[in-house]
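Q: just need the structure, nothing else, for what follows:
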Amino acid sequence: MTGLTPRQLATLDMIAECVRVNGCAPTYAELAELLGIGKISAYERVQALAAKGAVTITPHRHRGITLPTHCPTCGRPYMTFSTQET
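A: Residues are numbered from 1 along each chain as shown. From the prediction side, this is the model:
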């Protein structure tokens, strides 16, 4: 698997944060609003993450984005792989 771009990592961070705070993945509309982008761009980013193995998408399921237990790029638990130091 290739590395993630900064935008993909930011998207992955936002998904992980939503799971941590809300207990479920965001919808594409929610993700778009949180990232300040359009719904189509959010969809494309998640599709790119899925192609790289960073997330799994369950088709035809509301909030069907699933995170792995660890970041495929850095190996840290998915709740903590942030672009910012904590």
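Q: over to the residue most central in space within the chain: give its phi and psi.
A: Nearest to the mean C-alpha position of the chain, by Cα atoms, centre = their mean, lies L12 at 2.9 Å. Main-chain torsions, L12, degrees, to the nearest 10: phi -60, psi -40.
Q: could you report the pLDDT at it?
A: For L12, the pLDDT comes out at 91.
Q: who touches A48 in this structure?
A: By Cβ atoms under 8 Å, 6 or more residues apart in numbering, A48 lies in contact with Q8. In this view, the C-beta of every residue, glycine as well, is placed from N, C-alpha and C.
Q: before we move on, what about T58?
A: G64, I65, T66.
Q: and for T66?
A: Contacts of T66 by Cβ under 8 Å, 6+ apart are A25, V55, T56, I57, T58.
Q: run a quick neighbour tally on the fourth one.
A: A total of 14 residues lie near I57 under the criterion other Cβ atoms under 10 Å.
Q: quick check on it: phi, psi?
A: The phi and psi torsions at I57 (degrees, to the nearest 10) take the values phi -110, psi 130.
Q: check the last one too.
A: Its backbone dihedrals place T58 at phi -90, psi 110, with angles given as degrees, to the nearest 10.
Q: next one: the first one
A: The phi and psi values for A25, taken as degrees, to the nearest 10, are phi -70, psi 150.
Q: quick one: low-confidence parts of the protein?
A: Residue ranges of the chain with pLDDT under 70: 1-2, 71-74, 76-86.
Q: all helices for it, in order.
A: Applying DSSP state H to the chain gives helices spanning 6-22, 28-35, 39-51.
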